[in-house]
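*Asks:* Sequence first, then the predicted structure:
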2 protein chains.
Amino acid sequence: MGAVTADTPTDPRAGAGRTRLSPEQRRSQLLDLGVRLLATRSLDELSIDLLAEEAGISRGLLYHYFGNKHAFHEAVVRRAADDLIAQTAPPVDGEPLERLLISVTAYLDYVEANYEGYLSLVKGAAGGNDTLREIYEEARSALTDRVFREDAQGQIIPDTPASRLVVRGWSAMTEELVLTWVREPAGVTREQLLTIMAASLPALVDAASG
Amino acid sequence: MGAVTADTPTDPRAGAGRTRLSPEQRRSQLLDLGVRLLATRSLDELSIDLLAEEAGISRGLLYHYFGNKHAFHEAVVRRAADDLIAQTAPPVDGEPLERLLISVTAYLDYVEANYEGYLSLVKGAAGGNDTLREIYEEARSALTDRVFREDAQGQIIPDTPASRLVVRGWSAMTEELVLTWVREPAGVTREQLLTIMAASLPALVDAASG
């Protein structure tokens, strides 16, 4: 997608002749663009000016859609988190471990494609930015809950306090593994990494119950 | 220990009658006090004023020892990291898994006793404070290297690129497990937590090589 087609609020007919989008659709397009820009830069580097330039619309219109820079960043990061959750959804059918492998592969793909933005979310959340922390925790909870929801029969993980804690620890571990490996593979192949990420969850659950 | 006995630089005889300490010994005592104060507060809350009050000496003397607040914080955090590394050293003898269990128990003890300060180190390092990041990475490397040094015969962990990455992931996981559990045990007993932490390392190494 190139520049976002957009009307200004004071000139509702400026876009006549192009596809007319509802304000909600325009806002959504702008968020998609924000997420793409975030792939290769940190949140601090994602300014309203940059988005306006890339979208080919005025700063004033962006403030109209997002209110202020903080709200804009929050909306972009929420969209990025939603994208991550959607993209890492395992397939509906298949063996539990096969589905887990597909899901962690999608997670690795996501981090590779969105490294700078993802790293800035992790850093911001860990560093004490309350809004980023909240979005990060919501996303992590969604991913953790999904492990139990997708394995509702407890085929690989019984739903106990210990395994809830283990899954949280596993999430932190996979995040560290992926961020470390993308920065510097250090002799570890992509296949080894994916095997470690997927095989480690049932191994940890076994270790916790043993 | 109560107040630190200390001379002022301009009055070297002020402490006559008390135990005379070298400047290095006094500085070390002040760092110990700083680490103790950090146990129950974040780094931001650890001011030169507070240390001066607790040590019963002047702000001027503290600036003499540490230069400025930033250098003071760096010195305290380095001392805290050294303490963590020393306290979590496994015993010289014993079975590898027994020694690992003793080491992770000491780690849990340390975090419980120094929760606020430890959390602020983790947050500061993750959040992009370069000095804290460097100290944190040095400490993590020391702990990781120790796993391989203590297991030089590779009884539980072969020294390969994959297992180096796994140990790094395991470190991130244990940190998350301990910080989460200390904040909210959520039905997981201390013994369960320790079992998870110790048993998970060989389980992960097995999963990585399988």
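*Replies:* Yep, it's here. From a predicted model like this one, the values you see are computed outputs, not experimental measurements.

*Asks:* which one is the residue of chain A found nearest chain B nearest to, not counting chain neighbours?
*Replies:* When distances are taken as Cβ to the nearest Cβ, chain A approaches chain B most closely through A:Gly127, which lies 1.9 Å from it. For the C-beta atoms, the positions are set from N, CA and C on the backbone; glycine is no exception. Nearest in space to A:Gly127, with sequence neighbours left out and distances taken as Cβ to Cβ, 6 or more residues apart in numbering or on different chains, is B:Gly127 at 1.9 Å.

*Asks:* Give the next helix or strand downstream of the strand or helix carrying A:Ala52.
*Replies:* Counting by DSSP states H and E, the element that carries A:Ala52 is helix A:48-55. Tracing the chain C-terminally past helix A:48-55 and defining elements by DSSP H and E, one meets helix A:59-66 next.

*Asks:* which parts of the next helix or strand along the chain from that following helix are buried?
*Replies:* Counting by DSSP H and E, the next helix or strand C-terminal to helix A:59-66 is helix A:69-87. Using 16 or more other Cβ atoms under 10 Å in any protein chain shown as the test for burial, helix A:69-87 gives A:72-82, A:84-85.

*Asks:* from the residues you listed, which are also near chain B?
*Replies:* The subset of those lying close to chain B, counting by Cβ under 8 Å from any Cβ of the partner chain, is empty.

*Asks:* Just put those residues in JSON lines and tack on pLDDT and distance to A:Val167.
*Replies:* Written out in JSON lines, the entries for the buried residues of helix A:69-87 read as follows (pLDDT from 0 to 100; distance: Cβ to Cβ, whole Å):
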{"residue": "A:Phe72", "pLDDT": "92", "distance to A:Val167": "33"}
{"residue": "A:His73", "pLDDT": "91", "distance to A:Val167": "29"}
{"residue": "A:Glu74", "pLDDT": "91", "distance to A:Val167": "27"}
{"residue": "A:Ala75", "pLDDT": "94", "distance to A:Val167": "29"}
{"residue": "A:Val76", "pLDDT": "93", "distance to A:Val167": "28"}
{"residue": "A:Val77", "pLDDT": "92", "distance to A:Val167": "23"}
{"residue": "A:Arg78", "pLDDT": "93", "distance to A:Val167": "23"}
{"residue": "A:Arg79", "pLDDT": "93", "distance to A:Val167": "25"}
{"residue": "A:Ala80", "pLDDT": "92", "distance to A:Val167": "22"}
{"residue": "A:Ala81", "pLDDT": "93", "distance to A:Val167": "18"}
{"residue": "A:Asp82", "pLDDT": "94", "distance to A:Val167": "21"}
{"residue": "A:Leu84", "pLDDT": "94", "distance to A:Val167": "17"}
{"residue": "A:Ile85", "pLDDT": "94", "distance to A:Val167": "15"}
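
*Asks:* returning to that earlier point: between the helix holding A:Ala52 and helix A:59-66, how many degrees?
*Replies:* Between the axes of helix A:48-55 and helix A:59-66, defined by axes from the mean of the first three to the mean of the last three Cα atoms, to 10 degrees, the angle is 100 degrees.

*Asks:* Sort out which one of the buried residues of helix A:69-87 lies nearest A:Thr144 for me.
*Replies:* Nearest to A:Thr144 out of the buried residues of helix A:69-87 is A:Ile85 (Cβ to Cβ; 11.2 Å).

*Asks:* how about the longest helix along chain A, does it reach chain B?
*Replies:* Of all segments of type helix in chain A, defined using DSSP state H, the longest is helix A:161-183. Yes. Helix A:161-183 comes into contact with chain B when judged by Cβ under 8 Å from any Cβ, the residues involved being A:161-162, A:164-166, A:168-177, A:180-181.

*Asks:* Quick one: buried ones out of the residues you listed?
*Replies:* The buried subset of those (16+ other Cβ under 10 Å) comprises A:162, A:164-166, A:168-177, A:180-181.

*Asks:* wait, which of those residues is closest to B:Glu112?
*Replies:* Sorting these by how near they are to B:Glu112, with Cβ to Cβ, puts A:Leu165 at the top with 16.0 Å.

*Asks:* Was I right to think that closest one contacts B:Thr195?
*Replies:* No. Contact status for A:Leu165 versus B:Thr195: not in contact, 11.4 Å apart, counting by Cβ atoms under 8 Å.

*Asks:* how about the residues of chain A near chain B?
*Replies:* Counting by Cβ under 8 Å from any Cβ, the residues of chain A near chain B are A:122-124, A:126-128, A:161-162, A:164-166, A:168-177, A:180-181, A:186-188, A:192-193, A:195-196, A:199-200, A:202-204, A:206-208, A:210.

*Asks:* what residue ranges in chain A are flagged as low confidence?
*Replies:* Of all residues in chain A, those with pLDDT under 70 make up the ranges A:1-18, A:210.

*Asks:* Break it down into its domains, please.
*Replies:* A:1-9+A:17-87, A:91-209 (automatic domain parsing).

*Asks:* winner for burial among the ones you listed?
*Replies:* Per residue and on average, the most neighbours among these fall to domain A:91-209, with a mean of 18 (mean count of other Cβ atoms under 10 Å in any protein chain shown).

*Asks:* excluding its backbone neighbours, what's nearest A:Val77?
*Replies:* Beyond its immediate neighbours in the sequence, the residue positioned closest to A:Val77 (Cβ to Cβ, 6+ apart) is A:Ile135, lying 5.3 Å away.

*Asks:* separation between the one you found and A:Val104?
*Replies:* Note on A:Ile135: its distance to A:Val104, by Cβ to Cβ, to the nearest Å, is 21 Å.

*Asks:* Repeat that for A:Ser22.
*Replies:* Applying Cβ to Cβ, one obtains 37 Å for the distance of A:Ser22 from A:Val104.

*Asks:* show me the contacts for the closest residue to A:Leu132 other than its chain neighbours.
*Replies:* Closest residue to A:Leu132 in three dimensions, ignoring its sequence neighbours and counting by Cβ to Cβ, 6+ apart: A:Gly124, at 3.8 Å. With contacts defined as Cβ atoms under 8 Å, 6 or more residues apart in numbering or on different chains, A:Gly124 is in contact with A:43, A:132-133, A:136, B:127.
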